[in-house]
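K.L.:
Can you look at this prediction? I've put the sequence above it.
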Amino acid sequence: MSDIPEVLFVCVHNAGRSQMAAALLDHHARGRVRVRSAGSAPAETINPAVIAVMDELGLDLSKEFPKPLTTEAVQAADVVITMGCGDACPVFPGKRYLDWQLDDPAGKPVDQVRPIRDEIDRRVRDLLAELTGGRSR
């Protein structure tokens, strides 16, 4: 792992879970971790309920967009976290892979997306503490 670890979050559409995880980790890490997200079958736009629940935390996803999963993104990452994309993610030796089983926010109203966001936030904070040795900035 380099001095600054890189994390890639992957879900099918890159319109919900992986976007929330990337924004939350980037927010909490404050430059201590490089963060990317991608989808194995990217959607056209980010889920509006996801944009709304992230806006509640002051995190603006309105300018973000779903990105395709590339081999290069996986190769660049130290940690790859999948969220329901199954076997679509290429596997390379020397990478750490985690699979976070989380509900898909697609088609859910804001009140059902909030608990998904909160669970992602908890996991992201734990991951950040692990990656940075518990150092706070």
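P.N.:
Great, that's in hand.
K.L.:
From here on, just use CA atoms for contacts and neighbour counts.
P.N.:
Noted.
K.L.:
Need the per-residue pLDDT for L61.
P.N.:
Per-residue pLDDT puts L61 at 96.
K.L.:
which residues of this structure score low on pLDDT?
P.N.:
1-2, 85-90, 135-137 (pLDDT under 70).
K.L.:
Which residue ranges of this structure form strands?
P.N.:
6-11, 34-39, 79-82, 96-99 (DSSP state E).
K.L.:
Just put the ones you listed in a markdown table and tack on distance to R122.
P.N.:
Shown next, in a markdown table, are the strands of the chain (distance: least, CA to CA, whole Å):
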| stretch | distance to R122 |
| --- | --- |
| strand 6-11 | 15 |
| strand 34-39 | 17 |
| strand 79-82 | 14 |
| strand 96-99 | 15 |
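K.L.:
For those strands, give me TSV that also has mean neighbour count and distance to L25.
P.N.:
Shown next, in TSV, are the strands of the chain (neighbours: other CA atoms under 10 Å; distance: least, CA to CA, whole Å):
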stretch	mean neighbour count	distance to L25
strand 6-11	26	9
strand 34-39	23	7
strand 79-82	24	12
strand 96-99	14	15
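K.L.:
nearest to F65, of the ones you listed?
P.N.:
strand 34-39 (9.6 Å; CA to CA).
K.L.:
quick one on the thing from earlier: out of the strands of the chain, nearest to P68?
P.N.:
Short answer: strand 34-39, nearest of the strands of the chain by CA to CA, at 5.1 Å.
K.L.:
Could you export the closest one as PDB, CA atoms only?
P.N.:
Output in PDB follows, covering the C-alpha atoms of strand 34-39 (Å, rounded to 0.1, in the frame of the first residue of the first chain):
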ATOM      1  CA  ARG A  34      -7.900   8.500  -2.300                       C
ATOM      2  CA  VAL A  35     -11.400   7.500  -3.100                       C
ATOM      3  CA  ARG A  36     -13.100   6.400  -6.300                       C
ATOM      4  CA  SER A  37     -16.400   4.700  -7.200                       C
ATOM      5  CA  ALA A  38     -17.600   2.800 -10.200                       C
ATOM      6  CA  GLY A  39     -20.400   0.600 -11.500                       C
END
